[in-house]
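>>> Below is the sequence, then the predicted model.
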Amino acid sequence: MGDSATLTSVLESQASLVQEAALALPHQFSQCTYSLGHIRQAVYLCLTCARASPSSSPRGICSACSIACHTDHEQLELFPKRGFRCDCPTRALAHSCTLHTTLEEPNEGNVYGRNFESVFCRCRRPYDAEKEQETMIQCLACEDWFHESCLNLRERPPSREPTPAAEPAGDDGASDASSSGLPPPLIRADDYDALVCSECVRRIDPLRRIAGTSGALMVVRASEDESWRVIGKESDEPKEASIDVVGERDQNENDVAAAPDSRVTGGKRERSPVGGQEPEAKRARVSPEPGPPSECLAPPQDPRIAKLLSTLDSGVPHNEGANGDSQNAVKYLGAGDVFLTEGWRDRWCHCKDCLPSLQTRPYLLEEEETYEPPEDPDSGLSLEELGMRALQRLPREKAINGIMAFNAMRDDLMKHLRPFAEGGREVTEADIRAFFDARIQDIQSKRR
């Protein structure tokens, strides 16, 4: 809004601001989540409090405390963190909590990674929302954030200058709508469901076993001279293998039907030929209920992927390309990150070796719930409606005094504006500010 505006434009601007506020903050922020224990929730880092106590470890606060207790502080959103309890009401923060007034002991169960030091990604680059060009993707396991270039999804921009303010509207689909002017990433947002960073892949055995197989995409190359490429796409699976398996099963069934006395290795037990061939569903019921497999059913892994992960474990740099033709390459180069495609939770092997590791990380088996504050019933109401609600909640005497004060201010404003109306002059923003500044000075002088 400029120096002057029509009353209609002022009202439209006010309504737009109310709607934006309702979309940005649709929840109540009246209860600290400390009493809920260790839960997955949005966490904020208060940079002001961290600077005030540089000798102490950084701590995190919940969304309610970020609004109610640290409103005028500089903060950094860390996004959801699992198993986290708000630090605001504890002795670890000097700033007192206004929502949970009982002083609590520091949370020993919280895990404070490098994000709590305002550092993200394996490149340990501090995050600045005004200067960062690249989209960052969160790891499912450690919940750290990684640049697309550090995941080898794209080349790193020459410089990370502030992102231009004006961008054409379009489909804001995660990494696809990342950085202005940059080409699309090797793996688009629609191509995968979750990212697991290299460090977590190498630490979680079931993930390590499926890395690079169908549905567990990886970005690799055989030498420094080659371009990065994606392996693990379902379309990359050799069609001959699936055809051979189906053909073998069909052939086995034909052999059983033709020769009842024969035995098929690994197949179902032969049924009596009396009465003809049994229905397939009936034969299936005869088989015992399948139990947990004794052998790992993870798909076979490319030996080059296993070697890549082992090289990353050792910390030995692998910046030397493979010798000879790329088809005969004996190793892969890459960061070791895995992009899991849709339905990945249904594809785990549940053998005696894989299942215990999965059970210690429930988020790999079932989607997690992330706490959200309760909905705010006043969200989206206009200032007039909010004022009437507040007035109805006041005691009768205070409500009458409030109405009288409002009417007095209204009468004074009408007197202030009458000369403009009589002279046909335009009322500017400065004129309105002058009225309220004079009123504030008058109130302050009366209090003295």
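Looks like it arrived, so ask away. Predicted model, so just to flag it, every value in this text is computed and none were measured.
>>> Now do the SS call for residue 339.
Three-state assignment for residue 339 (DSSP: H, G, I helix; E, B strand; the rest coil): strand.
>>> As a check, name the ranges of all helices in this structure.
Taking DSSP state H as the criterion, the chain carries its helices at 7-24, 47-52, 63-68, 198-203, 205-210, 239-258, 280-286, 303-314, 354-359, 383-393, 396-423, 429-447.
>>> Please save the CA atoms from the third one in CSV.
These are the backbone C-alpha positions of helix 63-68, laid out as CSV (Å, rounded to 0.1, in the frame of the first residue of the first chain):
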residue,chain,number,x,y,z
SER,A,63,6.1,-24.8,17.8
ALA,A,64,3.9,-23.4,20.6
CYS,A,65,6.9,-22.1,22.5
SER,A,66,8.4,-20.6,19.3
ILE,A,67,5.2,-18.5,19.0
ALA,A,68,4.3,-17.8,22.6
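>>> Among the helices of the chain, show the one with the smallest mean pLDDT.
For these, mean pLDDT drops lowest on helix 239-258, to a mean of 42.
>>> What is the neighbour count of residue 365?
12 (other C-beta atoms under 10 Å). C-beta coordinates here come from the backbone N, C-alpha and C atoms, glycine included.
>>> remind me which residues of the stretch 151-300 of the chain are low pLDDT?
The stretch 151-300 of the chain contains residues with pLDDT under 70 at 158-182, 235-293.
>>> make it 90
154-184, 223-225, 233-298 (pLDDT under 90).
>>> Could you identify the longest strand within this structure?
If you go by DSSP state E, the chain has its longest strand at strand 75-84.
>>> can you list contacts of it?
38-48, 60, 66, 109-111, 115-116, 118, 127, 138, 143, 145, 363, 368, 370 (C-beta atoms under 8 Å, 6 or more residues apart in numbering).
>>> try stretch 30-43
Contacts of stretch 30-43 (C-beta under 8 Å, 6+ apart): 60-65, 68-69, 77-86, 88-90, 97, 99-100, 104, 107, 109-110, 368-371, 373.
>>> Buried ones among those residues?
60-65, 68-69, 78, 81-82, 84-86, 88-90, 97, 99-100, 104, 107, 110, 373 (16 or more other C-beta atoms under 10 Å).
>>> what's the offset of stretch 420-434 from the middle of its chain?
49 Å (C-alpha atoms, centre = their mean, to the nearest Å).
>>> Next, the distance between the ends of that stretch.
14 Å (C-alpha to C-alpha, to the nearest Å).
>>> quick one: buried residues of that stretch?
Buried, per 16+ other C-beta under 10 Å, within stretch 420-434: residue 427.
>>> cool, stretch 108-125 as well?
110, 112, 115, 116, 120, 121, 122.
>>> any idea of the mean pLDDT for it?
92.
>>> Give me the distance between the two termini of it.
From start residue to end residue, stretch 108-125 stretches across 27 Å - C-alpha to C-alpha.
>>> going forward can the numbers begin at 38, since that is how I track them
OK, 38 is where the count begins now, so the last one is stretch 145-162.
>>> before we move on, back to that, send the alpha carbons of the longest strand of the chain over as CSV?
Listed next in CSV are the C-alpha coordinates belonging to strand 112-121 (Å, rounded to 0.1, in the frame of the first residue of the first chain):
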residue,chain,number,x,y,z
GLN,A,112,14.7,-18.7,15.1
LEU,A,113,15.6,-21.5,12.6
GLU,A,114,13.0,-24.1,11.7
LEU,A,115,14.5,-27.6,11.9
PHE,A,116,11.3,-29.3,10.8
PRO,A,117,10.1,-32.6,12.3
LYS,A,118,12.4,-34.5,14.6
ARG,A,119,11.4,-37.9,16.1
GLY,A,120,11.6,-38.7,19.8
PHE,A,121,12.0,-35.0,20.8
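>>> what about stretch 427-435, start to end distance?
11 Å.
>>> Other residues contacting that stretch?
In contact with stretch 427-435 (C-beta under 8 Å, 6+ apart) are residues 436, 439, 440.
>>> Count the residues that sit near the spatially closest residue to residue 136 that is not a sequence neighbour.
Among residues not flanking residue 136 along the chain, residue 69 sits closest, at 4.0 Å (C-beta to C-beta, 6 or more residues apart in numbering). Applying other C-beta under 10 Å, we find 22 residues neighbouring residue 69.
>>> Quick check: residue 69 vs residue 134, distance?
Distance of residue 69 to residue 134, computed by C-beta to C-beta, to the nearest Å: 6 Å.
>>> got any residues that touch both of these two?
What both residue 69 and residue 134 touch, as defined by C-beta under 8 Å, 6+ apart, is the set 102, 106, 125, 126.
>>> with those residues in mind, which one is nearest to residue 376?
residue 102 (34.4 Å; C-beta to C-beta).
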